[in-house]
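>>> When you get a sec, could you give me coordinates for this:
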Amino acid sequence: MKRFYLLTLVASMLAVACAEKRPAVLYGPPQPLLATDYPQVLEAWTRSAKLYQGLENKMFVTATMHAPEFRRAFPVAFPEIYGQGGNITRRELVELTGDVEAYHNFFLSVYTPVIKWNDLASPQSIWRVTLLGDSEVAVGPKEIVPIKIDENLRAVYPYIGHFDKCYLVRFPMTDAMDRLVLDEHSHSFRLRVASALGVAEMQWALQVVPGASREGTRVDVTPPNDAETPLTPTPTSEE
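This is a model prediction of the structure:
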């Protein structure tokens, strides 16, 4: 009887924990955010995958989608972060200049046991990165930019490992047939990283908001007073 009670209590606690997870809403009216909301927002838009061949690990990858909610949470939680490693992140998450919102953008932190495999930004990379909507519309990246790692970046993305390399990956909104990858009716999407070594795939479930529109879900933040930083590739750090 005591064991049954304990199992019931644990099950109830797990149910409450699951219920408290923040839903991932891609298109919908913006909700008020506090700095203390950042961990939940980060969790809602972050997924990880591990790729093995037998008992050997081939790739560990964690990805965060720069969804409108995540972009709004960043300046609230980290108003002081404008460091060297944060130059690209700063433009992506604070200034929102140029065509930032014309793409689906992801931050990736990647580990491979063989250094030469960790080459997502190279035209000769062994990896193919693909974004897939729940209607199976798929697109490849418009660009993959390596990002220099520093402590500011680690504060924003605390899952970055000591031997990881980091990338900003930008996907077009539509495929070659002008079909939207994600719209206000999408219930999920997947990010796939594949090669002859295997496939690492991450999936996000989305909460659909009735009446929401893509046009009504833009990020409104106040840009910094200092000059803009151009979006140019920066060398990855040598860890």
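>>> make it CA atoms for all contacts and neighbour counts henceforth
Fine.
>>> Can you check the pLDDT for residue 100?
We have a pLDDT of 68 for residue 100.
>>> all helices for the chain, in order.
2-19, 38-44, 68-77, 87-90, 151-156 (DSSP state H).
>>> so who does residue 41 touch?
With contacts defined as CA atoms under 8 Å, 6 or more residues apart in numbering, the neighbours of residue 41 are 22, 69, 70, 73.
>>> Tell me the spacing between the first one and residue 170.
What it means is residue 22. Distance, residue 22 to residue 170, by CA to CA, to the nearest Å: 24 Å.
>>> can you check the third one too?
Counting by CA to CA, the gap between residue 70 and residue 170 amounts to 16 Å.
>>> Would you mind listing the buried residues in stretch 45-56?
Judged by neighbour count (16 or more other CA atoms under 10 Å), stretch 45-56 contains these buried residues: 45, 46, 47, 48, 49, 51.
>>> Tell me the one of these nearest residue 59?
In terms of CA to CA, no member of the buried residues of stretch 45-56 lies closer to residue 59 than residue 51, at 5.0 Å.
>>> ok, residue 210 - how many residues close by?
10 (other CA atoms under 10 Å).
>>> Begin at 44 from now on, thanks
All set: I'll call the first residue 44, so the last point we hit is now residue 253.
>>> where's it relative to residue 221, distance?
On the measure of CA to CA, residue 253 and residue 221 end up 24 Å apart.
>>> same thing with residue 244?
For residue 244, the distance to residue 221 - CA to CA - is 24 Å.
>>> These two: which has the busier surroundings?
Between residue 244 and residue 221, counted using other CA under 10 Å, residue 244 has the larger neighbour count: 19 against 8.
>>> Tell me how far the residue nearest to the spatial centre of the chain lies from residue 186.
Residue closest to the average C-alpha location in the chain (CA atoms, centre = their mean): residue 107, at 1.5 Å. Separation of residue 107 from residue 186 (CA to CA): 16 Å.
>>> and if you look at residue 223?
18 Å.
>>> With neighbour numbers in mind, choose between these two.
Of the pair residue 223 and residue 186, residue 223 is the one with more neighbours under other CA under 10 Å, namely 17 against 13.
>>> For that one, give me its contacts.
180, 216, 217.
>>> Can you lay out those residues as TSV showing distance to residue 233 and pLDDT?
Supplementary listing: those in TSV, determined by distance: CA to CA, whole Å; pLDDT from 0 to 100:
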residue	distance to residue 233	pLDDT
180	11	93
216	14	94
217	15	94
